[in-house]
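Asks: I would like the atomic coordinates for the input below:
(one chain, ligands or ions: 1)
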Amino acid sequence: YPSSHSLLHIERLCDSIVRSHRDTSQFRLEELQALRWKLFSREEIHAYQSKSVDEMWQLCALRLTEAVQYVVEFAKSIPGFRGLGQNDQITLLKTGSMEVVLVRMSRCFNTENSTVFFDGKFGSTELFKSLGCGDLMVAVFDFAHRMCALRLTEQQMALFSSLVLINPDCPCLEDRGRVHRMRRDLEVCLSHMLRRDNQESLQDKLYQKVSVLRSLCSLHVEKLHWFSQRYPLTVHSVFPPLYKELFT
Ligand SMILES: CNC(=O)[C@@H]1CCCN1C(=O)c1ccc(Cl)c(COc2cccc3c(C(F)(F)F)cc(C)nc23)c1Cl
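Replies: Residues are numbered from 1 along each chain as shown. Reported below is the predicted structural model:
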């Protein structure tokens with residue numbers, strides 16, 4: 001991956017990442033804006049809360065897997081990603097895809113009533129009671145709140161998502177140098193864009209968010225492991241194959 005810092009190269013890199021974020025964002029901001037006051041009724045909430053643990057997990061796993069597939073498409077269009085070996089691509093997605101799902105979740109979050117877009121409408125943490133992992137849901141909602149507070153533009157979110165994915169600190173990378181060069185170019189892109197947006201102060205906040213994401217996602221993997229111990233059949237029969245490949 002020949003990394004060069006010509007301004008033209010950096011601007012082209014920025015543009016291609018912003019474009020692929022837009023093409024793979026799963027929900028358009030305008031759609032989400034139109035739906036943001038479409039809340040679940042008491043009966044609908046009760047129906048979700050009456051689902052069994054593994055029923056609710058299956059529904060969430062399905063939704064998360066759909067989201068991960070969009071993130072995989074986003075990753076594949078990051079210049080240089082497809083130039084990496086298959087193993088390194090999977091390694092980066094194993095750790096980064098859920099983190100990008102979390103970053104993107106903030107686009108579907110309404111901070112005025114702490115609700116998130118799920119299964120067609122907006123619901124609060126009470127919707128997920130039957131999952132049996134209240135601490136994870138609190139952490140997911142809390143992170144969404146904090147991401148919203150940064151008020152990122154779609155361009156800034158696109159670059160931030162690519163930085164989350166292209167992580168040279170991933171254990172067991174085969175070509176760490178190549179990932180490092182990609183990462184450095186993306187960092188130049190982000191600082192170039194923040195300077196252009198006159199928001200350099202965001203840079204440190206975004207890098208802090210990356211470390212928050214790392215710890216949050218280890219909580220997820222732990223939860224997923226807890227669930228797969230209790231409901232091995234569900235995970236191995238129902239969870240979509242991509243999910244198993246990436247998260248088990
Ligand atoms: C706007 N909606 C969205 O962004 C998400 C992704 C796309 C679809 N989607 C939802 O429907 C959704 C929205 C909000 C919430 Cl809280 C959830 C439920 O989230 C989870 C339930 C169980 C396990 C989850 C795990 C675990 F542990 F598996 F890694 C990890 C994450 C991060 N979320 C989990 C979901 Cl599945």
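
Asks: Could you list every helix and strand in contact with the helix ranked longest in the chain?
Replies: The longest helix of the chain (DSSP state H) is helix 202-230. Applying 3 or more CB pairs under 8 Å, 6 or more residues apart in numbering; DSSP states H and E, one finds that helix 202-230 contacts helix 53-76, helix 86-105, helix 134-149, helix 154-165, helix 176-196. Using the backbone N, CA and C atoms, a C-beta is placed for each residue, glycine as well.

Asks: buried ones in it?
Replies: 202, 206, 209, 212-213, 216-217, 220, 223-224, 227-228 (16 or more other CB atoms under 10 Å).

Asks: so can I have a markdown table of these showing pLDDT and distance to the ligand?
Replies: A markdown table is the format used below for those (pLDDT from 0 to 100; distance: CB to the nearest ligand atom, whole Å):
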| residue | pLDDT | distance to the ligand |
| --- | --- | --- |
| Leu202 | 95 | 22 |
| Leu206 | 94 | 19 |
| Lys209 | 92 | 15 |
| Val212 | 88 | 13 |
| Leu213 | 90 | 10 |
| Leu216 | 84 | 8 |
| Cys217 | 80 | 7 |
| His220 | 79 | 3 |
| Lys223 | 82 | 4 |
| Leu224 | 78 | 4 |
| Phe227 | 80 | 7 |
| Ser228 | 77 | 10 |
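
Asks: In JSON lines: the residues you listed, plus distance to Thr234.
Replies: JSON lines is the format used below for the buried residues of helix 202-230 (distance: CB to CB, whole Å):
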{"residue": "Leu202", "distance to Thr234": "41"}
{"residue": "Leu206", "distance to Thr234": "36"}
{"residue": "Lys209", "distance to Thr234": "32"}
{"residue": "Val212", "distance to Thr234": "29"}
{"residue": "Leu213", "distance to Thr234": "26"}
{"residue": "Leu216", "distance to Thr234": "23"}
{"residue": "Cys217", "distance to Thr234": "21"}
{"residue": "His220", "distance to Thr234": "17"}
{"residue": "Lys223", "distance to Thr234": "14"}
{"residue": "Leu224", "distance to Thr234": "11"}
{"residue": "Phe227", "distance to Thr234": "8"}
{"residue": "Ser228", "distance to Thr234": "8"}
